[in-house]
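Visitor: build me a model:
(2 chains)
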Amino acid sequence: MKKTALYDAHLAHGGRMVDFGGWSLPVQYLSVIREHEAVRGACGVFDTSHMGQLFVRGKGSVPFLQKLLSNNVDRIGAGRSIYSGLLTEAGTFVDDLIANRVSDEEFLLVVNASNIEKDEAWIRKHAAGFEVTVENASETLSMLAIQGKTAPALLEKLFPGEYGKLGSFSFSRAAWKGAPAFFCRTGYTGEAGVEVILPNEAAQSLFEAVLAAGAVPCGLGSRDSLRLEKGYSLYGHEIDDTTNALEAGLGWTVDFSKPDFIGKSALAAVKAEGPKRRLVGLVMEERGVPRNGYPVHGLGGEAIGAVTSGTFGPSLKENIALAYVPAAYREPQVKVAIRDKQLTARITKRDFSS
Amino acid sequence: MKQYLESHEWAEKEGDLVVVGISDHAQSELSDVVFVDLPAVGKVLAAGKSFMAVESVKAASDIYAPVSGTITAVNAALKDNPEIVNQSAEKDGWLVKVKPSDPAELGKLLSEETYRKSLAH
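Guide: Have a look, this model is predicted:
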């Protein structure tokens, strides 16, 4: 199994290690709920070093990424970040990613761990004919997500003056103990904070400093419950190469005003007809925890879809899920098949916390 | 005297009934029990078959029947306070009571000593 630069630190701090797509990572330290609550109420730190970093550089960077990505990278200047789909010709997801514009002609793409090799191959294949170079720096870079209500104050101690100058979805080139870092105001928890990308050698020292400053070490369990309460999609669950960006509710990441991008014509057709299904939030009205893959039925008992992710939401104190239902489905409730029961859930917005 | 399954349930005789729960090790592995999906009284169990589930934040865990029989009681306190399973898995956090149909099945379960040794590696 692959290990991040923080593997020994996770063990030292009591991390319960699991196999996450071939990576040995902590699912939790003491308690998923306590870690979740730490992020909502104070500050937590996550090791997200398994994620991938791909640099695209060269004169052709902008035209290439305008073709490659569904969102419009020319809407952001240097030091800004944008969330985008990396789509197939069918408008479905190769991956979802954050593109950080380092300079006019250099971008840093942060991609899902499980898709690094596939993305790199896809990007190189489509780079033919563009004046760009592609570098996969995933093996040499670590990434820490420092997130939570009190993260700004904690970060002010470790990176004086950095956080306050950044708006959401922007980044600076801060240094940690002399090591060059990307200090990005992005995250996957819905709280304030940053994702810091830095060389592997510097990761443990930052991790220990963040813990010493009062952050709680957090594992994959709370990372999932935090993102799900905010209705954020996870590759392999809400989105994959069978789901298109419009039915996934990610139309805001698709810029149809661009002359062309991979997947545009397919999505234009979906848009013209209207998506056949939509991703909705579900809140259980009867007791039971919905989980990935559980069937969803209409109130008349007809099969209409499936849960993509589900959990008990520690902040909401409700059992919640994301699920696909037919776009034409108009009832306010559905039934979720949980073991031998059909339990009622109400349809809500995907951001359960709003 | 408790006996155990490799799948981390415990069973203990109480008069002519068998009380069933999950081991302290199992609750520690699950952590943060958020829902106990209790079966109905009267449900018939087959030894070794899943008959209910305990849900943590992360996942649903099937609970397997140590013995065959009929459920005569469930721990209703767990409906509103599932965290009792974490606090007292082998006592207050019991799950169900079963009237065994074949008490000899108890003899097939692991002793506490054998179970604890199985956790050590």
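Visitor: flag every buried residue along the helix or strand hosting A:Leu211.
Guide: In the assignment (DSSP states H and E), A:Leu211 maps to helix A:200-212. Across helix A:200-212, burial judged by 16 or more other C-beta atoms under 10 Å in any protein chain shown covers A:202-204, A:206-207, A:209-210. Yep, even glycine has a C-beta here, placed from its N, CA and C like the rest.
Visitor: what's the end-to-end length of stretch A:51-62?
Guide: Length of stretch A:51-62, first residue to last, C-alpha to C-alpha, to the nearest Å: 23 Å.
Visitor: again with stretch A:230-249
Guide: Stretch A:230-249 has an end-to-end distance of 13 Å (C-alpha to C-alpha).
Visitor: buried sites along it?
Guide: Using 16+ other C-beta under 10 Å as the burial criterion, the residues of stretch A:230-249 that qualify are A:230-235, A:237-240, A:243-249.
Visitor: just stretch A:76-96 next, same as before
Guide: A:76, A:79-88, A:91-96.
Visitor: so the residue of chain A most remote from its centre: helix, strand or coil?
Guide: For chain A, the C-alpha farthest from the mean C-alpha position belongs to A:Gly300; by C-alpha atoms, centre = their mean, that distance is 35.0 Å. Following DSSP: H, G, I helix; E, B strand; the rest coil, the label given to A:Gly300 is coil.
Visitor: where in chain B is pLDDT low?
Guide: Along chain B, segments meeting pLDDT under 70 span B:121.
Visitor: around chain A, which positions in it sit nearby?
Guide: B:31-32, B:34-35, B:37, B:53, B:55-60, B:79 (C-beta under 8 Å from any C-beta of the partner chain).
Visitor: got the contact list for A:Gln342?
Guide: Residues near A:Gln342 by C-beta atoms under 8 Å, 6 or more residues apart in numbering or on different chains: A:297, A:301, A:335-336.
Visitor: correction: A:Tyr7
Guide: Residues near A:Tyr7 by C-beta under 8 Å, 6+ apart: A:Ser24.
Visitor: next, format the residues of chain B next to chain A as CSV and append neighbour count and distance to A:Ala128.
Guide: Formatted as CSV, the residues of chain B next to chain A follow (neighbours: other C-beta atoms under 10 Å in any protein chain shown; distance: C-beta to C-beta, whole Å):
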residue, neighbour count, distance to A:Ala128
B:Ser31, 20, 49
B:Asp32, 26, 50
B:Val34, 22, 51
B:Phe35, 20, 52
B:Asp37, 21, 54
B:Ala53, 19, 51
B:Glu55, 24, 50
B:Ser56, 26, 48
B:Val57, 25, 46
B:Lys58, 23, 43
B:Ala59, 15, 44
B:Ala60, 19, 47
B:Lys79, 13, 61
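Visitor: do you know how far the closest residue to B:Pro100 other than its chain neighbours is from chain A?
Guide: In this structure, B:Pro100 finds its nearest non-sequential neighbour in B:Gly69, 4.1 Å apart by C-beta to C-beta, 6 or more residues apart in numbering or on different chains. Look at B:Gly69 and chain A: by C-beta to the nearest C-beta, to the nearest Å, they are 19 Å apart.
Visitor: what's the local residue count around B:Gly69?
Guide: By other C-beta atoms under 10 Å in any protein chain shown, the residues close to B:Gly69 number 24.
Visitor: repeat for B:Gly48
Guide: Neighbourhood size, B:Gly48 [other C-beta under 10 Å]: 14.
Visitor: does it really touch B:Tyr64, like I thought?
Guide: Yes: with contacts counted by C-beta atoms under 8 Å, B:Gly48 reaches B:Tyr64, the gap being 6.0 Å.
Visitor: which stretch of helix or strand covers the nearest residue to A:Asn71 once chain neighbours are set aside?
Guide: Nearest non-adjacent residue to A:Asn71, counting by C-beta to C-beta, 6+ apart: A:Ser84, 3.6 Å away. Using DSSP H and E, A:Ser84 sits in strand A:81-87.
Visitor: so what touches that strand?
Guide: Strand A:81-87 is contacted by residues A:68-73, A:75-76, A:93-101, A:111, A:119, A:122-123, A:169-171, A:184-186, A:239, A:245, A:250, A:253-254, A:261-263, A:267 when judged by C-beta under 8 Å, 6+ apart.
Visitor: tell me the helix or strand right after that strand.
Guide: Past strand A:81-87, further along toward the C-terminus, the next helix or strand under DSSP H and E is strand A:93-103.
Visitor: please compute how far that next one lies from its chain's middle.
Guide: Relative to its chain's centre, strand A:93-103 lies at 11 Å (C-alpha atoms, centre = their mean, to the nearest Å).
Visitor: next, the angle from that strand to strand A:81-87.
Guide: For strand A:93-103 against strand A:81-87, the angle by axes from the mean of the first three to the mean of the last three C-alpha atoms, to 10 degrees is 150 degrees.
Visitor: where along the stretch 251-354 of chain A do the strands fall?
Guide: Taking DSSP state E, counting those that start in this stretch as the criterion, the stretch 251-354 of chain A carries its strands at A:277-284, A:295-297, A:303-313, A:318-326, A:333-338, A:341-348.
Visitor: indicate which one of those strands is closest to A:Gly15.
Guide: Comparing the strands of the stretch 251-354 of chain A against A:Gly15 with C-beta to C-beta, the closest turns out to be strand A:303-313 (20.0 Å).
Visitor: parallel or antiparallel, list what pairs with that closest one.
Guide: Each strand paired with strand A:303-313, and its direction, by DSSP bridges: strand A:295-297 (antiparallel), strand A:318-326 (antiparallel).
Visitor: quick one: which helix or strand includes the residue in the stretch 101-250 of chain A that chain B sits nearest to?
Guide: Ranked by C-beta to the nearest C-beta, the top residue of the stretch 101-250 of chain A for proximity to chain B is A:Gly221, at 5.0 Å. Assigned by DSSP H and E, A:Gly221 falls within helix A:220-229.
Visitor: please identify the most buried of the strands paired with strand A:303-313.
Guide: When the strands paired with strand A:303-313 are scored by mean count of other C-beta atoms under 10 Å in any protein chain shown, the highest mean neighbour count falls to strand A:318-326 (a mean of 22).
Visitor: export that one as CSV, just CAs?
Guide: The C-alpha trace of strand A:318-326 is given here as CSV (Å, rounded to 0.1, in the frame of the first residue of the first chain):
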residue,chain,number,x,y,z
GLU,A,318,-30.0,14.0,10.7
ASN,A,319,-29.5,11.0,8.4
ILE,A,320,-28.8,12.4,5.0
ALA,A,321,-28.0,11.3,1.5
LEU,A,322,-27.4,12.4,-2.0
ALA,A,323,-29.3,10.4,-4.7
TYR,A,324,-30.3,10.5,-8.3
VAL,A,325,-34.0,10.7,-9.1
PRO,A,326,-35.7,11.2,-12.5
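Visitor: now that strand against strand A:341-348, angle please.
Guide: Using the same axes, to 10 degrees: strand A:318-326 against strand A:341-348 is 80 degrees.
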